[in-house]
Structures are given as C-alpha cells and as structure tokens.
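J.: Build me a model:
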Amino acid sequence: MTDTTYTGEWLTLPAVAELLGTDVAKVRGMLHDRVIVAVRRGENPVKRVPADFFVPRHLQNPADRRTPVEGEHPVPLPSLQGTIALLGDLRFDDEGIIDWLLAHNEEIGASPLAALREGRKSEVRRVAQSML
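T.: Below is the predicted model of the structure:
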C-alpha cells in the first residue's frame, strides 16, 4: 500500500464488528459484497478497514437531518459501495481503492472519502470515471 496522508484509525475486522454491533461473519459478508474493502496493515498484517468508512446512522444520508438515537450503531457510508464498484470496474484492487479514496485529490479539493462523507457522491464518481 502506498503511503497516504490518512491519519485516521484503522480497524481490524473484530473491531468493525464491535463498532457495528454485529459479528465478524457479517463483516466478512460486507467485504464479500463489496460494501467495504480492507487491506492488510500493521506489524501483524491482519485485514483492516479505515474507521472513516463508517458514519453514525443518523448521518447515513447527508441531506437528512434526522436526530441521533442513543445506542444506535454506525453504518457503512452508503455511497461507498457504488464507488468501490466503480473503482473495481476501473481495475483497481482493494489496496488501490483504499489508496485512491484516502489520498488528497486536487480536482475534488479533498480526499474522495472526505467528499463522500460530505455528500458529494456525484462529484467523486465523475472524477473516478474520468480516469477511464
């Protein structure tokens, strides 16, 4: 994996399961279904996922101003799955997908992941498609 400027937390699959209030089998299912992607990182190279791939449930739709509910578990960022699929269609492997999502993009003015978290899905996907 190339060195990105991402300074956020990397979660192991058991940590993702705990965060989402589910089990590791369901997290592996999310990886299989390409809802999220993971890379091997760390001294003990186990699969890890950027923590910023997850948002509080009440923020899953940036246009929705829903009030948070106490005890709600975060969810995978909904716009991530389609973006992962698009990057996969462009022949990016999981490492390349994560690198692209986390690296600052001049055209977007932020990392694509940060833009997705702000609700700028169309812009991110337009920039990704321009790489064809």
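J.: Let me know whether F92 touches P112 as I believe.
T.: No - look at F92 against P112 with CB atoms under 8 Å: they stay out of range, at 11.7 Å. Heads up, the C-betas are built off the backbone N, CA and C, glycines and all.
J.: Overlap of the contact sets of these two?
T.: Shared contacts of F92 and P112, defined by CB atoms under 8 Å, 6 or more residues apart in numbering, comprise W100.
J.: Compare neighbour counts for the two and give me the winner.
T.: More neighbours surround P112 than the other of F92 and P112, with 26 against 19 (other CB atoms under 10 Å).
J.: measure that one to V69 for me?
T.: Between P112 and V69 the computed distance is 29 Å (CB to CB, to the nearest Å).
J.: I'd like the next helix or strand past the least confident helix or strand in the chain by mean pLDDT.
T.: Within the chain, no helix or strand scores below strand 39-41, which has a mean of 92 by mean pLDDT, DSSP states H and E. Using DSSP states H and E, the helix or strand that directly follows strand 39-41 along the chain is strand 46-50.
J.: What sits closest to L113 if chain neighbours are left out?
T.: Excluding the flanking residues, the one nearest L113 by CB to CB, 6 or more residues apart in numbering is L101, at 4.4 Å.
J.: how about that neighbour, what does it touch?
T.: Here L101 is in contact with P50, T83, L87, S111, P112, L113, L116 (criterion: CB under 8 Å, 6+ apart).
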